[in-house]
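1. just the structure for this:
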Amino acid sequence: MCGVILAAGESTRMGSDKALLAWPPSSAPAAVSRSTFLSASIRALNAYNDMVIVVVGKNESTLAPVIYGEAASLLRNPSPEQGQFSSLQVGLREVLNRGRDAAMVTLVDRPPVKAETFECLCSSFAAAADGVWAVVPAYAGKHGHPIIVGREMIEIFLKAPVTASARDIQHQYEEHMQYVSIDDPLIAWNVDTPQDYETLRSHN
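-> Take a look at the predicted model:
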């Protein structure tokens, strides 16, 4: 299995790259923090995957030192302006190119989930019936990340138009999704603005 982190967004509402927000919360400036959303996510995914691929965009030069410093692979989305789904397709195509047939996908705009969450998702995917193409965590009625997708779901995503959304496609193939209830609010916690980040810091 291969980890995929989508990190090609421009973080316009945050005002700075969300990938470099300090995590765990720190009083040090994000630019000099020893641990960030990105580095923490790479380390977390490395524990459950053969390798980790980070999909970047125009922020390649900024994120490259973090990615290589954590022994992950950098992959540039040549057209990040096409949106997050285009980055997902770029990442999943590379998963297949690397000879893997399953991927654990997450977004960079959040801290990594608990170890117990990773373990629950991995065991659920390993034990899933043949008709299950993806395992998706759920908390308080909300679906989140990371999701684990098998080869069938990867190919569905890759065949879709770049204008599609992963959520809409998941709904189209609902009978092949397995939703796993997880007691971990971080699976559904998006950080888009400085206010979101301060709220998250106050809870940790």
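2. need the contact list for Ala128.
-> 135, 178 (CB atoms under 8 Å, 6 or more residues apart in numbering). In short, each C-beta sits where N, CA and C put it, glycine included.
3. confirm it sits in a strand?
-> No. Using DSSP: H, G, I helix; E, B strand; the rest coil, the assignment for Ala128 is coil, not a strand.
4. that one and Asn59: what is the separation?
-> Here the criterion is CB to CB, to the nearest Å. By it, Ala128 lies 35 Å from Asn59.
5. and what of Asp17?
-> Here the distance between Asp17 and Asn59 works out to 6 Å (CB to CB).
6. same deal with Val180?
-> Applying CB to CB to Val180 and Asn59 gives a distance of 32 Å.
7. and Gly144, by the same measure?
-> Gly144 sits 23 Å away from Asn59 when distances are taken as CB to CB.
8. and those two? Which one has more around it.
-> With neighbours defined as other CB atoms under 10 Å, Gly144 and Asn59 compare such that Gly144 has more, 23 against 20.
9. what pLDDT is listed against that one?
-> Model confidence at Gly144, given as pLDDT, is 94.
10. I'd say it and Leu121 touch.
-> No. With contacts defined as CB atoms under 8 Å, Gly144 does not count as touching Leu121, sitting 10.6 Å away.
11. find residues that contact each of those two.
-> When contacts are counted by CB under 8 Å, 6+ apart, Gly144 and Leu121 are jointly contacted by Pro137.
12. gap between stretch 132-144 and the chain center?
-> In this view, stretch 132-144 has its centroid 13 Å away from the chain centroid, taken as CA atoms, centre = their mean, to the nearest Å.
13. meant to ask about stretch 69-89
-> Relative to where its chain is centred, stretch 69-89 has its mean C-alpha point 11 Å off (CA atoms, centre = their mean).
14. if we go by neighbour counts, what in that stretch is buried?
-> 70, 72-73, 75-77, 80, 82-89 (16 or more other CB atoms under 10 Å).
15. go on, stretch 162-177?
-> Applying 16+ other CB under 10 Å to stretch 162-177 flags 164, 166, 169-170, 176-177 as buried.
16. for it, the averaged confidence score.
-> Average pLDDT, stretch 162-177: 95.
17. what's the end-to-end length of that stretch?
-> End-to-end distance for stretch 162-177: 21 Å, by CA to CA, to the nearest Å.
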